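> need a structure here:
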Amino acid sequence: MPKAFLIDTSRCTACRGCQVACKEWKNFPAVPTKQHGTHQNPPDLTHYNFKLVRFSEHMENGTVHWNFFPDQCRHCIDAPCLAASAVPGAIIKDEATGAIIYTEKSKKEDFASIRSACPYDIPRKDPKTKRIVKCDMCIDRLQANLLPMCVKTCAMGAMNFGERSDMLKLAAKRLATVQQEFPKAQLLNMADVSVIYLVADAPATYHKFAVADASDSTNAPGMTRKEMLAGAFSPLRKIAQSLQG
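Below you'll find the predicted structure:
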């Protein structure tokens, strides 16, 4: 059955345990960074940082207010990056979990095309291996009946993982509770992704790409230009792939 995350940002304290645990499980090295005037570190996702707790600082009624956003691949139900793929087997969907996985063959993809197809600006390229990389839902752990490392590590209960149907029920229940204190609370893109965020404030106060980028929208309801192009070119790519096969 398809799996899903529920990330309840109202419970996130930005301890960054999920961020560190992800790096440790993947055995990724440290990434040299510089101070950019924020506690967020590193400044953005990298080929060695598949998970990043984003810090967004706001002044409200004379008081500093923080919004924390544990950013990662959303493992879209109909992934635009998968539709944009031109290399057979480079980007695959694990049917057992719904995880979108980039394989060794991704080094043959046009990185600019794959990254621009993502409405959440997630894919990164490893300069050494040339592979396109991102969160793989800890597929190795799931296949061993273990939780994703970020979920296993979260001490505050902000990270949840399980059957998609169960996560949707939990999301609805938590939303009703959080809205009692934060009326603006909402669930982000829950029908379209396998990583569902609950935010207590407007999405833009968390991260530019908290929700699917609609800045280059089309006339198609509910679709971004990225999604439309990915869908439009998908049949052509499938034809090309069949000819290559």
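
> surely residue 163 meets residue 5?
No. Using Cβ atoms under 8 Å as the test, residue 163 is too far from residue 5 to be in contact (11.6 Å). (C-beta placed from N, C-alpha, C; glycine too.)

> which one of these two has more residues nearby?
residue 5 (24 against 12; other Cβ atoms under 10 Å).

> partner residues bridging that one?
Counting by DSSP bridges, residue 5 is bridged to residue 161, residue 195.

> While we're on it, how confident is the model there?
Note for residue 5: predicted pLDDT of 98.

> show me what contacts it?
Residues near residue 5 by Cβ atoms under 8 Å, 6 or more residues apart in numbering: 148, 151, 159, 160, 161, 167, 194, 195, 196.

> out of those, which one sits closest to residue 99?
residue 194 (7.7 Å; Cβ to Cβ).

> any idea which helix or strand carries residue 65?
In this assignment (DSSP states H and E), residue 65 forms part of strand 63-71.

> Show me what that strand packs onto, helices and strands only.
Counting by 3 or more Cβ pairs under 8 Å, 6 or more residues apart in numbering; DSSP states H and E, the packing neighbours recorded for strand 63-71 are strand 52-60, strand 195-199.

> Contacts for the last one next, please.
If you take Cβ under 8 Å, 6+ apart as the criterion, strand 195-199 is touched by 4-10, 67, 69, 72-75, 167-168, 171, 174-175, 178, 185-190, 206, 210.

> Mind listing what's buried along it?
Within strand 195-199, the residues scored as buried using 16 or more other Cβ atoms under 10 Å are 195, 196, 197, 198, 199.

> Distance from it to the middle of the chain?
When distances are taken as Cα atoms, centre = their mean, to the nearest Å, strand 195-199 is centred 10 Å away from the chain's centroid.

> again, but for the first one
Between the centre of strand 52-60 and the centre of its chain there are 18 Å (Cα atoms, centre = their mean).

> contacting residues around residue 90?
Residues in contact with residue 90 (Cβ under 8 Å, 6+ apart) are 102, 103, 105, 106, 108, 109, 132.

> now do 10 Å
By Cβ atoms under 10 Å, 6 or more residues apart in numbering, the contact set of residue 90 is 81-82, 101-109, 114, 131-132.

> How about residue 174?
6, 8, 10, 11, 157, 160, 185, 187, 198.

> same thing with residue 158?
Contacts for residue 158 (Cβ under 10 Å, 6+ apart) come out as 6-15, 17-18, 68, 70, 150-151, 198.

> Which of those residues fall in helices?
Applying DSSP state H to the contacts of residue 158, the entries found in helices are 17, 18, 150, 151.

> State the distance from the second one to residue 56.
This points to residue 18. Distance, residue 18 to residue 56, by Cβ to Cβ, to the nearest Å: 17 Å.

> and residue 203, backbone torsions?
phi -50, psi -40 (degrees, to the nearest 10).

> hmm, I was thinking of residue 206
According to degrees, to the nearest 10, residue 206 has phi -100, psi -50.
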